[in-house]
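# Okay, predicted coordinates and the sequence, questions at the end:
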Amino acid sequence: MALFQIAEPGESAAPHQHKLAVGIDLGTTNSLVATVKSGVASVLPDALGRPLLPSAVRYRDGESPVVGYDALAGQSSDPSNVIVSVKRFMGRSIDELPYRESMPYRFEAGPGALSLKTVAGVKTPVEVSADILRELRTRAEAALGGELVGAVITVPAYFDDAQRQATKDAARLAGLSVLRLLNEPTAAALAYGLDNAAEGVYAVYDLGGGTFDISILRLSRGVFEVLSTGGDSFLGGDDFDQRIFCWVIEAAKLKPLSGEDARHLLTCAREAKEFLTNHGAAPIVARIGSGELVDLELTTETFTEITRTLVEKTLKPVRRALRDAGLSIADVKGVVMVGGATRMPQVQRAVGEFFEKAPLNNLDPEKVVALGAAIQANLLAGNRASGDDWLLLDVIPLSLGLETMGGLVERIIPRNSTIPVARAQEFTTFRDGQTALALHVVQGERELVGDCRSLGRFELRKIPPMVAGAARIRVSFQVDADGLLSVSARETTSGVESSIAVKPSYGLSDDAIARMLKDSLDHAKDDTARRAVKELQVEAQRLVEAIRSALVADGDLLLPDARERIESGIARLQAAMLGEDRHAIARCIDELETETGAFAALRMDRTIRDAFSGKKIDAIARELASSEKGGET
Amino acid sequence: MAVTLSEKAAKHVANYMAKRGEGVGLRLGVRTSGCSGVAYRLEFVDVVAPDDVEFESHGVKVLIDAKSLPYLDGTELDYTREGLNEGFRFNNPNVKNACGCGESFSV
């Protein structure tokens, strides 16, 4: 016998038509699944009534993996087979992981992406995440009594394409159809915006287990617009655990620990942190492998002191995000707290002091993201009447662009553009008769390609041979609602086309996104200087090419010693181009241009003579008139 | 005869309505469709229709359109839990045959 939920007036689904959709917060420390029932979003608990599913998977020899609390239970005894915080590994290479030494895992470098060696074989982070998602799917299907049509899965605003794609892959592996990936802060705003129906500018401060995100949002008449985002993809509650862990080692004067002891003490550290939310001091008692007994007391004062720099570290991206949005603290109407780590009193206090107002926390900070995702999933699955839906604007976290001559980045879609977005720009050929163009798509804020993340390359071939600069190549960038990019190029006179969907290039980048952003600030001046040099080098190369082809065409106009002077000018310029001395290159360009001035005049004369020879004045006048007309259209 | 809510169901309805923030009551109804003839409707009510028949049960206003009433007379709406799944159940004495899932029925 079916169980019913209450529908909105006139919206009862026909039998078997109600579409079951869920929102999933796939977190670093904990994951949740939520759905909209009888018009109210609620988190679906497990059979024991626990809403959270620890994002932990334990692999066993010859048996199916266990997920959640049961996996955590095996952490002390079997640390290398209990994978926690796997979200940190998504779409990453092995070199990109901090604290790798203190993790008890056996990493493998793998082709591009990293993987983990377990008793059940080698597992990729995508597979581990899929095991977590499968558990949530099973829970949701049992709770809703049917198969899910799809899920909205949240990701940190900072996730790049590789990480977003990895999340989608994990969902597919778990048998979930992804209705959409949604930025976590945007989901939180959805949960708050709907429940409180408050308009204005809000900051969403999301300190989760492993990531910190700050988003500046504007809510008005049910429209959510993300004005800017920022954050740190390697800062979260785990780091606070780590600080306590280090403090314990120092305070108890412990020798280097085994993986098991490290895991055990980290668990104690986390428990102490959670205890301090409602108490002035937390006991830390543990017996380690060597038989030593750790017996310490951590006070709120000490905890606040040893984590002060972490809390301060969160405020830097907050300032930047505000600046990006063109707003000051006074413009922010409220601050939404998201993530279990925001329960820490010192975090609440610091955020309150920074924004000069008490942060909003009337929804459970651990659940808001899942609840918002559930509301979005319900909408996308079509369980609401049309006209009742709202526009959801989201932004891309890092600029997207193309490599141009000289290794420079031409930004096509700037950072913080709202998605979905499509932008096109025209490019041209550099050399006479050039028939192919290599396109290199990059992501990042730096001026030089080498400092940005490479997303993919493709080629446009069969461009008809033309003089340099005559081909018109339109390159379009398209970012869909999930934040995934496709790029196409089309030569408009001939219609030849080429395109790529940017597939994940797992771990190809050397830089973490956060570091890339920071670098762009630190190196802004440096970059500008280097860009100027590169631009001069490109200019020099173009000049050399142009003179070379002029010499081939009209070299006969020159006296031998004039030609020699030009040739030696080219040689000097080419030598200067190899260096980084901007002034030397500029000087050589000037010299060469002066040297070739007379040659250019000679060529001009010849061209005019050729054009006018054997024509009557009125014919020339007619030609001029028609070309003017052509110029107007 | 009448249509009633169990105490548990009434508590859940009141709770959902409070969260929703508007609405005057709960509508029970049927419409022709589904694999066995008629299907249930269970909705919030914002506007009472002229042909609605009104009941009151444990403080919740229950509205049923006149055409649906013969199919539902004597029904008690309950709230139950089956494993992880929970929701409202129609205990309808008029039902002769129901489809396997119980979402539609015939009288």
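On my side now, so go ahead. Residues are numbered from 1 along each chain as shown, chains lettered A, B, ... in the order given.
# What is the burial count for the residue of chain B found nearest chain A?
Proximity to chain A, evaluated over chain B using CB to the nearest CB, is greatest for B:Gly87 at 3.1 Å. Where you see a C-beta, it was placed from the backbone N, CA and C, and this is true even at glycine. As a burial measure, B:Gly87 scores 22 neighbours (other CB atoms under 10 Å in any protein chain shown).
# Quick check: it vs A:Leu32, distance?
Distance of B:Gly87 to A:Leu32, computed by CB to CB, to the nearest Å: 20 Å.
# For stretch A:551-558, give the mean pLDDT please.
For stretch A:551-558, the mean per-residue pLDDT is 83.
# okay, it in PDB with CA atoms only?
Presented in PDB, the C-alpha positions along stretch A:551-558 are these (Å, rounded to 0.1, in the frame of the first residue of the first chain):
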ATOM      1  CA  LEU A 551      61.600  40.800 -49.400                       C
ATOM      2  CA  VAL A 552      60.500  37.700 -51.300                       C
ATOM      3  CA  ALA A 553      57.800  39.700 -53.100                       C
ATOM      4  CA  ASP A 554      59.600  43.000 -53.800                       C
ATOM      5  CA  GLY A 555      63.200  42.400 -52.900                       C
ATOM      6  CA  ASP A 556      64.300  43.400 -56.400                       C
ATOM      7  CA  LEU A 557      63.500  47.100 -55.500                       C
ATOM      8  CA  LEU A 558      66.400  47.200 -53.100                       C
END
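# now that we're looking at A:Phe355, which residues does it contact?
By CB atoms under 8 Å, 6 or more residues apart in numbering or on different chains, the residues touching A:Phe355 are A:Ala203, A:Ile329, A:Val332, A:Val335.
# And the residue of chain A closest to chain B?
For chain A, CB to the nearest CB, closest residue to chain B: A:Leu3, 3.1 Å.
# helix/strand/coil for the residue nearest the centre of chain B?
The centre of chain B sits closest to B:Leu28, judged by CA atoms, centre = their mean, with a distance of 3.5 Å. B:Leu28 carries the three-state label strand when classified by DSSP: H, G, I helix; E, B strand; the rest coil.
# Walk me through the domains of chain A.
A:21-236+A:309-380, A:396-514, A:525-618 (automatic domain parsing).
# Would you mind measuring the gap between the ends of the first one?
It refers to domain A:21-236+A:309-380. Length of domain A:21-236+A:309-380, first residue to last, CA to CA, to the nearest Å: 8 Å.
# centre of the chain versus it, how much separation?
Relative to its parent chain, domain A:21-236+A:309-380 has a centroid offset of 14 Å by CA atoms, centre = their mean, to the nearest Å.
# Could you measure from A:Phe355 over to B:Asn92?
Distance from A:Phe355 to B:Asn92, counting by CB to CB: 55 Å.
# Over to A:Thr267?
A:Thr267 is 53 Å from B:Asn92, by CB to CB.
# now A:Thr342
Taken as CB to CB, the span from A:Thr342 to B:Asn92 is 48 Å.
# swap in A:Asp70?
Distance, A:Asp70 to B:Asn92, using CB to CB: 42 Å.
# Which one's more surrounded, those two?
B:Asn92 (21 against 12).
# burial of the closest residue to that one other than its chain neighbours, as a residue count?
Take B:Asn92 and drop its neighbours on the chain: the residue closest to it by CB to CB, 6 or more residues apart in numbering or on different chains is B:Thr75, 4.4 Å away. The number of residues packed near B:Thr75 is 23, by other CB under 10 Å.
# Which members of the contacts of A:Phe355 occur in helices, if any?
The members of the contacts of A:Phe355 all map outside helices under DSSP state H.
# I'd like to know which of those residues is nearest to A:Ile396.
A:Ala203 (19.3 Å; CB to CB).
# Confirm for me that that closest one is in contact with A:Ile329.
No. Applying CB atoms under 8 Å, one finds A:Ala203 not in contact with A:Ile329, separated by 9.1 Å.
# Overlap of the contact sets of these two?
Shared contacts of A:Ala203 and A:Ile329, defined by CB under 8 Å, 6+ apart, are found at A:Leu322, A:Phe355.
# Of those two, which one has the most company?
Neighbour comparison, A:Ala203 and A:Ile329: the larger count goes to A:Ala203, with 30 against 14 (by other CB under 10 Å).
# what bridges to the more buried one?
A:Ile216, A:Val335 (DSSP bridges).
# any low-confidence regions in chain B?
Judged by pLDDT under 70, chain B has its weakly predicted residues at B:1, B:33-37, B:97-107.
# and the longest helix for it?
Counting residues, the longest helix found in chain B (DSSP H) is helix B:7-20.
# hang on, the earlier thing: now for the nearest residue in space to the residue nearest to the centre of chain B that is not next to it in sequence: which residues touch it?
The shortest distance from B:Leu28 to any non-neighbouring residue, by CB to CB, 6+ apart, is to B:Ile64 (5.3 Å). Applying CB under 8 Å, 6+ apart to B:Ile64 gives the contacts B:Val3, B:Arg27, B:Leu28, B:Gly29, B:Asp52, B:Val53, B:Phe55, B:Leu72.
# Okay then, goodbye and thanks.
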